[in-house]
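Engineer: have a look at this fold, sequence not included:
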């Protein structure tokens, strides 16, 4: 008999008490040993290629050239194909993993969660793609932006950046285990080491795009045409960038966001502002719409595969169609003025695009946007759209060989990063004012193994929940996800719309968010032997004080760790992430300056059959 992934995972995790810290040592040794062996094999293959002992990579590169557009050398074609396949694999694993944590809670380690395998395979494939770009060029030009490694070995800078992004993402796995050992398991996408995993993978698409530009600068001949038109190839690359930048929104997609709602419109605006402006400037007319179509195909396909096919949670997706139309419309007047197009597109994305996404959340998302956050959300969307649009225009300038002068591009790049940093900080800063909930439960099913019930909730102080961004009864980690937006039935009094789970491993709570306030009131929590915490019982009637919401959602996080240690470790991760972003910016500048004398030519006409 076949099992869904949820059933398989639940059976595995219920065999013993799940630890709250890092993985068991045997899993660490197995995972580390496997990664070491694979890395050594990759290095041996690269050495054999460089010394002429094998032609395997040459043949694979030549075959890849038949797929991608005309004029791309093999050291571009093969790494790009490997990178795109690897990223889709990692994306599937990531959404699968998030879904499992939402429905099942923490796991025992990297090898105890089936969804970790496609993530690891995908991230190692991404690192492999970068290394292939580094070792493949032999006895052929690599262009003036290349970095000298030995006397006669020059590596494309974009290949080094791609390998670095892949390595940075892979490094997040062992560091995540170290983080859990120190701080406990922070069950949130926005944990510092989790951001390493998704940030390295998502930003690697910048290096993938730069790889094409560097390859074209190195080739003096056009070569044979490939099967994929240049427009579609570039659209798919930037569509991948849009998917990668959108991964940061995943908690909102599932309806278990742990940060202020204004964060979502900002993240959407940054992603579409950057990706759609690059697409329109680099690939041409209609590219913004093509990119959105590719994004919907990939992200929607992963959502369907993880949800209905594998039996896990379905993740909603923003559509971005209106934003694409805004960029295309702005480009009718500003296509030759890249920075102006970036700013105007960002403004349209933050206003017209924001309004369209506001309407879409009402029908597609578990927690829709509300009037409570409309004004600040629009301001955040404008900031994100303009910052993303400027970054997109600068990246397009590097890809087209039309970068502004350094005294213009560097301040714009730095300014966009500062705006993003300030907006993220604003979105993450919350408060936890004292709130109290008096709850009356009415059982629907009363057995200890399947108890569910309706609730009537009276909030205090007066007015609590009246104009909230959300007031929900949320249950998770009991085998499914339960998000019920409470309905007001009287002054400060609300009721559930569906029976809520009150048994087993479910963690059921009231969640309240208004302005900067984010608090939660536990309704039912199981005893946790590994954590050493007692159960929170769902009595027929009770009154409980609120807690900061993250303390309830992240029950596994250790509360007795000195704050200076958490801040220090977070700053180290932040510094490493900033180093990756600055490296990509430096690489784009280097390639853009070298290519300034060879501006992008119009795509060659397609051959027509006679």
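Structural biologist: Arrived safely, thanks for sending. The structure presented is a predicted model; accordingly, all values stated were derived computationally and were not measured.

Engineer: wait, what's in contact with the residue most central in space within the chain?
Structural biologist: With distances taken as Cα atoms, centre = their mean, residue 247 lies nearest the centre of the chain, 2.1 Å away. Residue 247 is in contact with 91, 94, 198, 201, 202, counting by Cβ atoms under 8 Å, 6 or more residues apart in numbering. All C-beta spots, glycine's among them, are computed from the backbone N, C-alpha and C.

Engineer: show the residue spans covered by the strands in the stretch 501-610 of the chain.
Structural biologist: Under the criterion DSSP state E, counting those that start in this stretch, the stretch 501-610 of the chain contains strands at 507-514, 517-524, 541-545, 547-548.

Engineer: which outside residues touch the shortest one?
Structural biologist: The set of residues external to strand 547-548 that reach it, using Cβ under 8 Å, 6+ apart, is 432, 518, 519, 520, 521, 522.

Engineer: model confidence over that strand, on average?
Structural biologist: With pLDDT averaged residue by residue, strand 547-548 scores 94.

Engineer: what do you get for stretch 407-415?
Structural biologist: Across stretch 407-415, the average pLDDT comes to 94.

Engineer: in it, which residues are buried?
Structural biologist: 409, 412, 413 (16 or more other Cβ atoms under 10 Å).

Engineer: pLDDT below threshold where in this protein?
Structural biologist: 1-26, 109-110, 220-226, 597-610 (pLDDT under 70).

Engineer: mind checking how far the residue lying closest to residue 48 once chain neighbours are set aside is from residue 40?
Structural biologist: Distances taken as Cβ to Cβ, 6 or more residues apart in numbering put residue 54 closest to residue 48, at 4.3 Å, once the chain neighbours are dropped. Residue 54 sits 16 Å away from residue 40, going by Cβ to Cβ, to the nearest Å.

Engineer: same drill for those two, tell me which one is more crowded.
Structural biologist: Higher neighbour count among residue 54 and residue 40: residue 54, with 15 against 10, using other Cβ atoms under 10 Å.

Engineer: so the more buried one: helix, strand or coil?
Structural biologist: Secondary structure assignment for residue 54 (DSSP: H, G, I helix; E, B strand; the rest coil): coil.

Engineer: which parts of whatever helix or strand residue 92 lives in are buried?
Structural biologist: If you go by DSSP states H and E, residue 92 is part of helix 74-104. Buried residues in helix 74-104, counted by 16+ other Cβ under 10 Å: 74-84, 86-104.

Engineer: try stretch 382-402
Structural biologist: 382-402.

Engineer: how far out from the middle of the chain is it?
Structural biologist: 20 Å (Cα atoms, centre = their mean, to the nearest Å).

Engineer: try stretch 244-256
Structural biologist: 7 Å.

Engineer: got the end-to-end distance for that stretch?
Structural biologist: One end of stretch 244-256 sits 20 Å from the other (Cα to Cα, to the nearest Å).

Engineer: nearest residue to residue 314 in space, please, no chain neighbours.
Structural biologist: Nearest to residue 314 is residue 307, by Cβ to Cβ, 6+ apart, at 3.3 Å.

Engineer: what number of residues lie near residue 539?
Structural biologist: Residue 539 has 12 neighbouring residues, counting by other Cβ under 10 Å.

Engineer: same check, this time on residue 37
Structural biologist: Neighbours of residue 37 (other Cβ under 10 Å): 10.

Engineer: list the contacts of residue 126.
Structural biologist: The contact partners of residue 126, taken as Cβ under 8 Å, 6+ apart, are 83, 86, 87, 90, 162, 165, 166, 169, 200, 201, 204.

Engineer: would it count as being in a helix?
Structural biologist: Yes - judged by three-state DSSP, residue 126 forms part of a helix.

Engineer: so where does the nearest residue in space to it that is not next to it in sequence fall, helix or strand?
Structural biologist: Counting by Cβ to Cβ, 6+ apart, residue 126 lies nearest to residue 166, which is 3.7 Å off, once chain neighbours are set aside. Element membership for residue 166, per DSSP H and E: helix 157-183.

Engineer: equivalent analysis for residue 457, please.
Structural biologist: strand 452-460.

Engineer: that strand: how far from the chain's middle?
Structural biologist: 35 Å.

Engineer: check which element follows the helix holding residue 166 along the chain.
Structural biologist: With elements assigned by DSSP H and E, the helix or strand that comes after helix 157-183 is helix 192-218.

Engineer: elements contacting that next one?
Structural biologist: With contacts taken as 3 or more Cβ pairs under 8 Å, 6 or more residues apart in numbering; DSSP states H and E, helix 192-218 sits against helix 74-104, helix 116-135, helix 157-183, helix 230-246, helix 374-400, helix 563-594.

Engineer: coming back round to it: ok, which of the strands of the stretch 501-610 of the chain comes nearest residue 362?
Structural biologist: strand 507-514 (17.2 Å; Cβ to Cβ).

Engineer: please identify the buried residues of stretch 261-269?
Structural biologist: Result for stretch 261-269 [16+ other Cβ under 10 Å]: buried residues 261, 262, 263, 264, 265, 266, 267, 268, 269.

Engineer: sorry, back to before: wait, a strand at the residue nearest to residue 314?
Structural biologist: No - judged by three-state DSSP, residue 307 forms no part of a strand; its state is helix.

Engineer: what number of residues lie near it?
Structural biologist: 16.

Engineer: residues touching it, list them.
Structural biologist: By Cβ under 8 Å, 6+ apart, residue 307 lies in contact with 99, 313, 314, 315.
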